[in-house]
Each structure stands twice: as structure tokens, then as C-alpha cells.
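# Build the 3D model from these lines:
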Amino acid sequence: MADVSTTTGSYTGVLHSIADGLRAFGRALITVPHAQEKMRQVEALLALSDEELAQRGLRRHDIARYVFGGSPL
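Below is the predicted model:
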């Protein structure tokens with residue numbers, strides 16, 4: 001009688017863990033530049049006067065919501 005055993009379960013588990021880590025790293029590479037662009041938008045809007053913001057239909061306390069979450073209205 002032959003006894004055959006394999007270790008593919010633990011091997012594939014390691015591969016899945018590595019793949020999950022690489023996917024997370026890839027998402028971070030995409031997310032960081034996006035967040036930096038959003039912060040540049042916030043800084044540009046904060047540099048405007050209250051009158052200039054009003055011309056754009058914004059109030060100073062609405063800037064973050066406008067840039068990160070859509071319209072302040």
C-alpha cells in the first residue's frame with residue numbers, strides 16, 4: 001500500500017497571502033497619488049478669498065466635503 005501526501009494546501013495558502021499583499025501594495029500605489037491630488041485641490045481652494053469661494057458656490061467649511069465627497073449642497 002502506498003501512502004501519498006501533498007502540501008499544496010499550505011503552499012497555495014502562502015501564495016494567496018503573497019498575492020493579497022501585492023494587491024494591497026498596488027492599491028496603495030494608486031491611492032497615494034489620488035490623495036495627493038485631492039490635497040492640492042483643498043490647498044488651492046483654501047488659498048482663495050471668501051468672496052472667490054462664494055463665486056464658486058462654496059463656503060470655507062464646505063471645502064473638504066466638496067473635494068473629497070462631492071457637492072456641499
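# For stretch 63-71, give me every contacting residue.
38, 41-42, 45-46, 53, 58, 72 (CB atoms under 8 Å, 6 or more residues apart in numbering). Where you see a C-beta, it was placed from the backbone N, CA and C, and this is true even at glycine.
# Can you tell me which of those end up in helices?
Secondary structure from DSSP state H places 38, 41-42, 45-46, 53 of the contacts of stretch 63-71 in helices.
# Type out the PyMOL command that picks the buried ones from the contacts of stretch 63-71.
In PyMOL, this line selects whichever of those come out buried by 16 or more other CB atoms under 10 Å:
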select buried, resi 45+53+58
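# where's the spatially most central residue of the chain, which helix or strand?
Nearest to the geometric centre of the chain sits Thr31, at 3.6 Å (CA atoms, centre = their mean). If you go by DSSP states H and E, Thr31 is part of helix 8-46.
# Of all the residues in that helix, which ones are buried?
Buried-residue list, helix 8-46, by 16+ other CB under 10 Å: Leu45.
# Which elements pack onto it?
helix 63-69 (3 or more CB pairs under 8 Å, 6 or more residues apart in numbering; DSSP states H and E).
# buried residues in the helix it packs on?
63, 66-67.
# rewinding a little: next up, the contacts around the residue nearest to the centre of the chain.
Thr31 touches nothing, counting by CB under 8 Å, 6+ apart.
# So it versus Lys38, what's the distance?
Going from Thr31 to Lys38 by CB to CB, to the nearest Å gives 10 Å.
# Kindly report the same for Ile18.
31 Å.
# same question, Glu51
Applying CB to CB to Glu51 and Lys38 gives a distance of 24 Å.
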